[in-house]
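Asker: Provided below for reference: sequence and predicted model.
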Amino acid sequence: MNKKVFITGASSGIGEYLAYAYAKNGCFVGLTARREEKLGAVLSQCKSLGGDGKNYIIDVQDADAMQSAIDDFISLPGDVDTIYANAGVGGTDELSSGSATAMNHVLNINILGVTNTVMPFIPHLKAQHHGKIAVISSVASFRGLPHHAAYSGSKAAVRNMCQGWGTALYRYNISVSAICPGFVSSEMTDDKDITQPFKLDTDVAVQKIIRAVEKRKKVFIFPWQMRFLTVPLMRYAPDWLVRKFGM
């Protein structure tokens, strides 16, 4: 019986390439995104690679729609093996605007989008007594970044939630991995006119993510330069240095 893998934000970037990687292994993929045409193209490619799947055109902020989609996905043949809460957005805080709109948009998608993805699966995973949950956080979660505090704060929030969930769900043979990538080629990063050190191609990053999830790592920071150099610097650097280098 085919393993089932559920992936949010699957129309591009990490989510798209996760779908291809699992399709190559014959998995059934449940793919969610807002862009119907792009998601349709991803599913077609998954089928050509030997997999199968079903698309759900949803905004992860819509809790009821996510619940319905997940109920449907669970009802399909096969075991639910892995859930990827991957959908996310970036953006500046717009501190001078006098409005919380921009920050709330980032927080809603990056935090509530994760809980709307993960929570509906928990009763089923507990009943089947196995499963893997992976949430895409970021190396930015280790420091409140100037002008991007909502983004870094949202990624810190989901990283901490993962650690709490993993501790609570361990007895049910359910692993929870907080994935903290550095720069990865995607729509979110490729058009940015900023220095992006140690940037990885999407397919390379996805293979690293899958290995970490299969090994049930609790927190996975990559590439290694980020883990051993950038994250320690971000944690302990004085504010003047963060401002100077635009961290």
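Answerer: Received, thanks.
Asker: going forward, measure contacts and count neighbours with C-alpha atoms only.
Answerer: Noted.
Asker: report the longest helix in the chain, please.
Answerer: helix 149-169 (DSSP state H).
Asker: Would you mind identifying the next helix or strand past that helix?
Answerer: strand 174-181 (DSSP states H and E).
Asker: how much does the longest helix of the chain deviate in direction from strand 174-181?
Answerer: 160 degrees (axes from the mean of the first three to the mean of the last three CA atoms, to 10 degrees).
Asker: and Lys208, what element?
Answerer: Element membership for Lys208, per DSSP H and E: helix 202-214.
Asker: Report the helix or strand with the lowest average pLDDT across this protein.
Answerer: Lowest mean confidence among the helices and strands of the chain (mean pLDDT, DSSP states H and E): helix 187-190, at a mean of 54.
Asker: excluding its backbone neighbours, what's nearest Glu71?
Answerer: Not quite, residue 71 is Asp, not Glu. Pro120 (7.8 Å; CA to CA, 6 or more residues apart in numbering).
Asker: The one you found: what's it in contact with?
Answerer: When contacts are counted by CA atoms under 8 Å, 6 or more residues apart in numbering, Pro120 is found next to 67, 70-71.
Asker: so Arg159 touches Ala178, yeah?
Answerer: Yes - with contacts counted by CA atoms under 8 Å, Arg159 reaches Ala178, the gap being 5.4 Å.
Asker: Overlap in contacts, those two.
Answerer: Both Arg159 and Ala178 are in contact with 135, 137, 219, where contact means CA under 8 Å, 6+ apart.
Asker: backbone phi and psi for the second one, please?
Answerer: Here is the backbone geometry of Ser137 (degrees, to the nearest 10): phi -100, psi -140.
Asker: quick one, what contacts it?
Answerer: Residues in contact with Ser137 (CA under 8 Å, 6+ apart) are 155-156, 158-159, 178-181.
Asker: Tell me how far it lies from Ser152.
Answerer: Remark: distance between Ser137 and Ser152 (CA to CA, to the nearest Å) = 9 Å.
Asker: And the last one, by the same measure?
Answerer: Between Val219 and Ser152 the computed distance is 16 Å (CA to CA).
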